[in-house]
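[1] Give me coordinates for this.
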Amino acid sequence: MISKRPANIDEYIKAASEEAQEKLKQMLACIREAAPGASEGLKWNMPAFSYKRILVTFAVFKHHIGFYPTPSAVKAFEKSLTKFKTAEGSIQFPLDKPLPLDLIKKITAFRVRESLAADIKWRS
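    Residues are numbered from 1 along each chain as shown. I've put the predicted structure just below:
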């Protein structure tokens, strides 16, 4: 977990435990690849990516990385997410397991298409 309020994504990653930093860097690179040109910043004190609206955010916790791609994305990928704990708009990736980078890319790309195609708000 991040105790100090970071000013940007790099500070957010540096403030995480060593164990989590590599996974956060992987997550960052993965999202950047799937959403080239997306605006990057912090929303709700979490790394966030957006075009016209927020595409995805993520946050580190003690035992997992929370990935927040909106309810529509979680629903669209529910069959691929059976190994992970999910809620309406979130997915938990355990820190002690490899990140499913291909799945994260697909979900992010889905959000990019969704964002560009329709007037869908953050909470869909």
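[2] what does the helix or strand containing residue 107 rub up against?
    If you go by DSSP states H and E, residue 107 is part of helix 101-117. Contacts of helix 101-117 with the rest of the structure, by CB atoms under 8 Å, 6 or more residues apart in numbering, involve 26-27, 30-31, 33-35, 38, 49-53, 55-56, 67, 69-70, 72-73, 76-77, 80-81, 120, 124. All C-beta spots, glycine's among them, are computed from the backbone N, C-alpha and C.
[3] same thing with stretch 90-100?
    For stretch 90-100, the surrounding residues in contact (CB under 8 Å, 6+ apart) are 19-20, 23, 26-27, 30, 60-61, 63-69, 74, 81, 84-86.
[4] same question, stretch 53-60
    1-2, 16-17, 20, 23-24, 27, 31, 35, 38, 43-49, 65-70, 73, 95, 107-108, 111-112, 115, 120-122.
[5] Is it possible to mark the buried ones in the residues you listed?
    For the contacts of stretch 53-60, a burial check counting by 16 or more other CB atoms under 10 Å picks out 2, 16, 20, 23-24, 27, 31, 35, 38, 46-49, 65-70, 73, 95, 107-108, 111-112, 115.
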